[in-house]
Each structure stands twice: as structure tokens, then as C-alpha cells.
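>>> need a structure here:
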Amino acid sequence: MEKLKSVVPSHLKSMISESSPDDLPSTCSSLLHLFHHLPLFHQIVGDLTDRQTALCGKNKEAALESKRKGNHRFSNGDYPNALLFYSQALRVAPTDANDTGKSLVAMLYLNRAAVSHKMGLLVECLRDCNRALVMSPSYAKAWYRRGKVNATLGNYEDAVRDLNVAMITELSIGGKRQIESKLKLILDQHKETGSCLDKANKKYLDILNEPNDKKLHCVYTPTKGRGMVSPIDIPQSYLVHTEEPYAAIILKHCRETHCHFCFNELPADTVPCSSCSIPLYCSEQCQVQAGGTKMGNDPKNHEINANLPSYLEKYISDITSPSVSGPYTEHISEHSHECEGVNWPAVLPSDIILAGRMLVKSINQKRDSGAVSGLVGNVELCDNYVQIRSESKLELHIHSIILLYCLQNTNRSEFQMNGLTISQCVMLLSQIKVNSMAIVRMKSLVVNEKVKQSGMLSSAGDALTSNVEQIRVAQAVYSAGSLFNHSCQPNIHAYFLSRTLYIRSTEFVAAGDPLELSYGPQVGQWDCKDRQHFLEDQYSFRCQCSSCSELNLSDLVLNAFRCVEPNCLGAVLDCSVAMHERQKKNYFLDAPKICSSEPHVEVNNLKSDDINKVARHLFEPTGCSNQFEPGYCLNCGSHCDIEISAATINKANMYIRRLEDAIVSNEFPTNTLSDALRSLDLLRSTLHAYNKKIAEVEDNIAQAFCLVGELQSAADLCKASIEILQKLYGVDHIVIGNELVKLTSIHLSLGDCAGALEGIKRVDTIFSRYYGSHVDVIFPHLKSLKVEAAEASKPVS
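All right, here's what the predicted structure looks like:
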């Protein structure tokens with residue numbers, strides 16, 4: 001990218017940086033003409049598309065080398081690394097490759113099954129045995145291993161069948177004796193057969209179907225453009241929208257940890273693509289749905305030459321010819337055009353690959369129906385191309401030309417290489433920038449076993465003790481989902497189960513009111529200036545939601561200093577915060593004061609009361625000359641030396657960083673905790689009582705107390721942290737729910753059943769508001785916490 005940018009003449013760069021959507025056909029045509037005669041460009045495109053030099057294809061020699069390494073680790077008892085080497089071998093092994101007269105892929109699946117069995121991963125072992133048998137139905141060792149693992153799982157009827165098939169397919173006398181001995185042992189020990197295990201490749205999600213019968217309308221607003229509203233009232237926690245993505249792509253940092261189709265965390269027994277080495281899947285279903293070739297065997301080479309009882313024939317057929325079905329069977333295969341071993345799907349940025357998937361899907365739809373117009377004809381997305389930074393416009397131009405060249409090289413002549421087509425691709429990339437959604441997963445971060453046992457789980461802010469965090473795993477475009485506008489205080493919440501988008505109301509929404517979700521930053525998480533900077537940088541718009549245009553308590557106090565007067569709760573702002581809050585003041589004071597018994601009006605009055613406690617001067621009719629002046633208290637007008645306060649904070653931070661290092665290493669040198677507590681006192685005397693920094697430090701010290709076994713002190717600090725966060729976020733925010741999970745776990749460790757049950761009740765209320773019936777799927781830890789609390793509260797007999 002940088003090399004190509006450096007060769008673009010300054011006059012063309014200027015044209016592109018100043019371009020509007022109407023100018024794009026001309027600027028794209030000029031850049032295409034430049035690159036067409038540039039050897040450097042053709043070298044770059046060649047490296048990305050040349051199948052002969054591709055690094056992402058299958059390679060038998062590399063697979064055999066990884067297999068040898070896996071065998072060596074297995075023989076030395078290093079099972080975790082043996083599993084990794086066998087998985088790597090499977091990733092690059094050609095499906096038609098043989099080794100010592102047997103299917104190489106089948107051998108690798110069986111070797112990994114043996115490792116999984118040793119590691120106690122029994123279901124994973126069973127699935128790998130099935131995969132080996134799909135490739136080679138007459139593989140006696142696979143039937144034998146399957147029989148052993150089924151016996152371990154208690155599936156004795158299946159175990160006997162497996163060993164009977166193994167006896168038939170085994171050719172050696174010694175092998176038959178070993179199988180016969182194992183079969184006799186199972187029959188002797190278990191005279192009664194058990195029930196069979198459900199198919200191990202069954203998807204783990206069995207989602208409840210909730211009603212979703214409210215039809216939403218797309219409307220136009222002067223400040224935000226298109227947006228979604230409901231024609232009727234929507235109650236709290238109502239599922240207002242579900243949708244499958246038009247296109248989706250896993251993010252690069254999750255390629256080795258999450259399934260490339262459903263985006264769930266990968267199991268130990270990953271399934272590779274059958275034609276290239278880029279994607280990994282959690283199951284054959286996801287592999288096939290993404291566009292890979294279904295695994296299969298050659299009946300001529302692997303048929304079982306024996307007269308089998310009819311019940312065994314059906315049993316063998318069911319295992320070696322699995323059906324792949326599920327909720328995504330109607331999807332157009334999204335990886336198939338990338339599945340040739342070439343480098344560009346692995347090298348180009350994720351959003352560029354996502355654009356390629358959208359283009360290919362649109363072409364396929366156009367070929368099938370003939371009704372699609374334009375490059376991506378049936379997806380209407382907004383764009384902010386004019387607001388994009390100059391350098392980004394040049395990058396969009398270059399990436400569009402490279403992408404279309406790459407797609408052309410996959411035998412897709414439908415993509416015409418001209419200025420108009422490239423301009424449409426540029427617009428698509430700009431639309432993806434502002435319309436795509438990040439698919440997220442909740443990840444538990446356990447520093448060590450003590451923390452796990454004490455249940456230090458949190459997702460508030462950026463504190464080190466936030467041991468459950470929301471991580472971005474994929475990027476997707478949802479046709480209708482993209483129509484929901486942003487608010488820093490949203491009234492709907494988006495979450496994902498597999499790749500499906502769910503949007504749920506988090507409060508009552510009156511008919512005709514906008515349904516707005518958060519694109520990332522929310523009130524309580526960052527102050528107004530930081531939210532504005534993030535949204536302008538990531539989405540190229542300046543937020544005009546009520547929280548960014550009206551005064552609110554959180555923005556005033558989140559980063560505020562404490563007043564020098566001992567009994568004053570007034571907020572003291574620094575220069576950058578004061579500037580943004582000053583812009584909100586007139587709107588807030590000019591808003592009509594309404595006397596009403598309506599619930600939302602009562603809430604607004606409460607918000608005014610909260611602001612009055614920290615910024616009383618704003619409500620005085622005449623005002624003061626130092627309103628919103630940096631360093632002056634918004635309550636009493638007293639002056640605070642911000643530079644001295646900042647120096648005090650820096651001194652405290654030095655000791656807090658030492659504590660953070662101690663938490664990571666789980667080694668607490670003398671005075672580390674006491675120094676951190678003194679630093680907390682310094683922060684409390686310098687920062688406003690609701691400043692988020694105090695809550696984060698309290699959270700860190702609470703985790704340290706858990707590590708050294710002082711759980712009561714940890715609980716006290718957790719409570720103090722939650723009190724601050726409730727001021728910043730509100731008492732029913734999801735962040736409060738996450739913090740209460742942590743506090744509840746500590747209560748259980750302390751034997752405080754009453755406190756734990758009270759916490760569980762609040763957590764359940766908050767999480768149900770955001771996730772409805774899907775709470776236990778999103779937060780499986782909560783279910784086990786409920787069981788633990790219920791057991792602990794039972795009277796001792």
C-alpha cells in the first residue's frame with residue numbers, strides 16, 4: 001500500500017483528496033491508467049493472485065512434516081503440542097493425499113483423536129473418529145478408537161457396534177485379537193446397553209423462538225438521515241429485530257481462535273477448509289456453509305468387502321455419510337471464490353475481503369434472478385465519503401483497484417475494469433466503513449486460579465480487573481441492521497448468537513420515537529469529547545444525540561476534579577472538557593420546564609436534580625462569570641489548581657501501576673498494597689467523588705485483595721466502585737450487571753448467602769432487560785452462579 005501511494009503524482013493525490021462521489025469515475029479512471037502502466041502494481045497483484053507461488057494452498061510435504069512432529073510429541077507424552085501439530089497438518093493436507101497406502105487426512109484425524117482421548121476430550125475424540133471414517137469407512141483403527149471412546153462415554157451399544165465393525169475390517173490376526181479382547185471386556189462389564197449419545201456435531205445453540213411481530217418503519221430525519229422507528233409502543237426487553245448478515249468476515253486477530261463462519265470459539269478438534277489453508281471451522285456444517293467442499297470418500301478404494309448384517313450396514317452408513325443441515329443452508333457460499341490457495345484473502349484487510357464477498361454475492365444473485373442492478377444492487381447503505389480523510393480516500397481508491405483485479409483473477413469476468421466499476425467499489429468500501437457492525441463475543445479473562453475461584457468478573461471501563469470483556473471477532477453488513485442510528489444513550493441493545501443479529505429494547509419506546517443503538521462509546525464509558533473523536537474517526541460523523549447536545553451528570557463528573565472546599569460536591573473541569581460542556585449549556589437551560597406525571601418527565605427532573613448537586617451555578621438565573629471556566633468549581637466557584645492536582649494524580653498512578661504489575665505476576669512485594677491504598681486516598685482527595693478513575697482503582701485493589709485472600713476488603717471496594725459506576729451509567733445498565741456478578745461471587749466465597757441472592761436477583765433483572773431469554777447462552781457463568789447460590793442457601797441438615 002505505502003509503495004503504491006508513494007508513486008501517485010501529487011496532482012492526482014490532490015484530485016482524489018478533494019473528490020466527491022460525482023468525481024469518482026474520473027479519479028478512479030486516472031489512477032487505473034497510472035497503475036496499468038506500472039510494473040510495481042502488476043508485481044503486487046501477481047503476488048496476491050498467482051496460484052503457482054501461493055502460500056495458502058494445500059501441501060502434502062508440509063502436512064507430513066507436521067505429522068512427524070506430532071508423532072514425536074505424542075510419543076513423549078506432550079499431548080497439547082501433539083494436538084497442535086496434527087491440527088496444523090490437517091490444515092495443509094490435500095484431501096486426496098495418501099501416506100503408506102492410507103488416506104493422509106483420515107490418519108491425521110485418527111491421530112488427533114488419540115491425543116484428544118489422552119487429554120480427556122472425549123466428544124472431540126469421537127468427532128475426529130467420525131471424520132476419519134467419512135474419509136475412509138474401512139479404517140479398522142478408527143472404528144476401534146471410536147468403540148473405546150464410546151465405552152468411556154457410556155455409549156455401550158454403540159461401542160459394541162463399533163468394535164464389531166472393527167473386527168470385520170481388521171485384517172491382521174493380532175489386531176483382531178486385540179479388538180476381541182476389548183469387546184469381551186465391555187460385554188462382561190456392562191451387560192445392559194446404554195443409550196446412544198446424541199450426534200456430537202449437533203450445534204450447541206438451541207435458541208428459543210421469541211415473537212418478533214412488530215413491523216418497523218424506516219424514516220428520514222434532518223440531523224441523522226435514515227433511521228428506524230416503530231409505529232406502535234415497544235415495551236422494555238422486547239425483541240424488535242433479528243437478521244442474518246448479507247456478508248460477514250472474521251477479523252484477522254481471531255483467525256486462529258474462532259470459527260470462520262459462525263464466529264464462535266474454536267474447539268480443540270478444528271475442521272479446516274478442504275481446498276485452502278486459510279479458514280478454520282468448528283464443525284463440518286460451518287465448513288460446508290462457508291463454501292467448502294463436503295468431505296467424502298472414494299467408495300471404490302474404501303468400501304467394506306464383507307457381508308454385513310442389515311443393522312450394521314445402516315449404522316456404518318449413518319456415520320460415514322453424515323448429512324449437513326442447519327439454519328444457514330440457504331446462504332450463498334461466501335468463501336468459495338477465495339478458496340484457491342491464493343494469498344489475497346489472507347493478506348488484504350478484513351473490510352476489503354468483506355467488500356469482495358458482497359460483490360460476489362451480488363453477482364451470484366444477479367446471475368440467478370437477473371433483477372439486481374448496480375454493483376451491489378439490493379443493499380441500500382448510506383455513506384459519508386465527503387467526510388472521509390484525504391489519505392483514506394486514496395487508500396480506498398487503491399484497495400478498490402486491487403480487489404477488482406483479484407476478483408478478476410478468480411475467473412469472474414463479470415467485474416469490468418473501468419473507472420465506473422472502480423468508483424462503485426470505492427463507494428462500497430466507504431459504506432462498509434460506516435454501516436458494518438462488529439460481531440462481538442464475551443471473553444472471560446482469568447489472571448490465575450485464585451481470581452477464578454473468587455469470581456472476579458467485570459466488564460466496566462478499562463480497569464485491569466475487568467476479567468470479562470467484549471471482544472470484536474468479526475465484521476458484518478446487515479441490510480436492515482445498518483438503518484438503526486447511533487445514540488450515546490441507546491434505547492436498544494444489539495448482540496449476536498453465532499452470526500445472527502438480535503436487537504432488543506432496553507427501555508420503553510413510544511410509537512414514533514427513534515430506535516437507536518450504540519456504535520461503540522456510551523455515556524459513562526467515555527466523556528463527550530472522547531466519544532465525539534471516536535465517532536468522527538471511525539464513522540465520519542459528528543454525534544448529535546441528546547447526550548452530546550444536552551448536559552448530563554456523567555459527562556460533567558467522569559473526568560472531573562474535586563472542589564477544594566471540604567463539603568462541596570461541585571465538579572471542577574479541565575480545559576478540554578469545559579469547552580465541550582459549555583456548548584451544551586444553552587440548550588440545557590433553554591429547554592422548556594414541563595410539570596407532568598409522565599415517567600420520562602420524572603426521569604428528566606431527576607437528571608436535573610443530579611446535575612444541580614454538582615453544578616449548581618448552571619441553574620442560577622444570572623449565572624456567574626466563571627461558569628464552565630477550567631479550574632473553577634461549578635457549585636461554589638472556588639478555584640482549584642489543576643496542574644497541582646494533575647501532579648498528585650501522576651504520583652498516585654506510579655504506585656497503581658506497580659499494583660497492576662503485581663496482579664499480573666501474582667507476586668506482591670512488601671508495601672505494594674499499602675502504597676496502592678494510600679494512592680487511592682490521594683485520588684479520592686483530588687478527583688471528584690464520581691470520577692471513573694477512582695472506581696477503576698478500587699476495582700484493581702479489590703482484585704489484589706482477592707489474590708491475597710482478603711475477600712471482605714475486596715467486597716467493600718467492589719461495592720464502592722459500583723456506587724460510582726451507578727452514577728455514571730445508571731443503576732440498571734449492563735455494566736452494573738457485570739460488576740454485580742463479581743460482587744456476588746465474592747459474597748458466595750465469604751458465605752454471605754443473603755448478599756449473593758440479592759445480587760443474583762439484580763443481575764437477573766438487568767441481564768434479562770438486555771438479553772431476554774438468551775441470558776444463559778450469553779452468560780453461562782450466571783447459570784452456574786445461580787445454582788451455587790441456591791445450594792449455599794439451603795439449610796444444613
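>>> how about low-confidence regions in the stretch 451-600 of the chain?
Along the stretch 451-600 of the chain, segments meeting pLDDT under 70 span 451-468, 585-600.
>>> what does the chain give?
Scanning the chain with the threshold set as pLDDT under 70 gives 190-214, 292-307, 322-332, 368-378, 411-414, 443-468, 585-607, 621-627, 796-797.
>>> helix, strand or coil for Phe496?
Secondary structure, DSSP: H, G, I helix; E, B strand; the rest coil: Phe496 is strand.
>>> and the gap between it and Ser518?
Distance, Phe496 to Ser518, by CB to CB, to the nearest Å: 14 Å. Every residue, glycine included, has its C-beta placed from N, CA and C.
>>> Please say which of the two ends up with more neighbours.
A count of neighbours by other CB atoms under 10 Å puts Phe496 above the other of Phe496 and Ser518, at 21 against 18.
>>> Skip the chain neighbours and tell me the closest residue to the more buried one.
Spatial nearest neighbour of Phe496, chain neighbours left out: Ile439 (4.9 Å); criterion: CB to CB, 6 or more residues apart in numbering.
>>> roughly how far apart are that neighbour and Gln289?
Distance of Ile439 to Gln289, given as CB to CB: 16 Å.
>>> before we move on, what about Asn71?
Asn71 is 33 Å from Gln289, by CB to CB.
>>> more neighbours, these two?
Of the pair Asn71 and Gln289, Gln289 is the one with more neighbours under other CB under 10 Å, namely 25 against 14.
>>> was I right about that one contacting Ser333?
Yes: using CB atoms under 8 Å, Gln289 makes contact with Ser333 at a distance of 7.4 Å.
>>> on contacts alone, who are the packing partners of the lengthiest strand in the chain?
Criterion DSSP state E: the longest strand present in the chain is strand 468-477. Where contact means 3 or more CB pairs under 8 Å, 6 or more residues apart in numbering; DSSP states H and E, strand 468-477 is packed against strand 247-250, helix 350-369, strand 437-444.
>>> Look up which residues are beta-bridged to Arg226.
Tyr220 (DSSP bridges).
>>> which residues sit in contact with the residue lying farthest from the centre of the chain?
Using CA atoms, centre = their mean, the residue of the chain lying farthest from its centre is Ile173. It sits 52.9 Å away. Not one residue lies near Ile173 by CB atoms under 8 Å, 6 or more residues apart in numbering.
>>> quick one: it from Ala140, how far?
With distances taken as CB to CB, Ile173 is found 13 Å from Ala140.
>>> same check, this time on Ile760
Counting by CB to CB - Ile760 and Ala140 are separated by 52 Å.
>>> repeat for Lys176
Note on Lys176: its distance to Ala140, by CB to CB, is 9 Å.
>>> Please apply the same query to Val614.
With distances taken as CB to CB, Val614 is found 77 Å from Ala140.
>>> Looking at these two now, which is surrounded by more residues?
Val614 (24 against 20).
>>> give the contact list for the residue lying closest to that one once chain neighbours are set aside.
Distances taken as CB to CB, 6+ apart put Ala571 closest to Val614, at 4.5 Å, once the chain neighbours are dropped. Shown in contact with Ala571 (CB under 8 Å, 6+ apart): 556-557, 560-561, 563, 614-615, 633-635, 688.
>>> show me where the stretch 401-550 of the chain has helices.
Using DSSP state H, counting those that start in this stretch, the helices of the stretch 401-550 of the chain run over 419-435, 449-454, 528-539, 546-549.
>>> which outside residues touch stretch 538-547?
Contacts of stretch 538-547 (CB under 8 Å, 6+ apart): 223-224, 384, 387-388, 433-434, 486-489, 516, 519-520, 523, 528, 531-532, 535-536, 555.
>>> Put the alpha carbons of that stretch into CSV.
This file holds the C-alpha atoms of stretch 538-547, laid out as CSV (Å, rounded to 0.1, in the frame of the first residue of the first chain):
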residue,chain,number,x,y,z
GLN,A,538,-14.4,5.6,12.9
TYR,A,539,-17.7,6.6,11.3
SER,A,540,-17.0,10.1,9.8
PHE,A,541,-19.9,11.8,11.6
ARG,A,542,-20.3,14.2,14.5
CYS,A,543,-22.8,12.8,17.0
GLN,A,544,-25.8,15.0,17.7
CYS,A,545,-27.6,12.7,20.1
SER,A,546,-29.2,14.1,23.2
SER,A,547,-26.2,13.1,25.4
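>>> residues of that stretch that come out buried?
Across stretch 538-547, burial judged by 16 or more other CB atoms under 10 Å covers 539-541, 543, 545, 547.
>>> Which of those residues sits closest to Ser274?
Proximity of those to Ser274 was ranked by CB to CB; the top entry is Tyr539 with 37.9 Å.
>>> separation between that closest one and Gln178?
64 Å.
>>> Kindly report the same for Gly154.
According to CB to CB, Gly154 stands 22 Å off from Gln178.
>>> Is Cys218 part of a helix or strand, or is it coil?
strand.
>>> Please verify my assumption that it contacts Pro231.
No: using CB under 8 Å, Cys218 is not in contact with Pro231, being 11.6 Å away.
>>> Many thanks, I have nothing further to ask.
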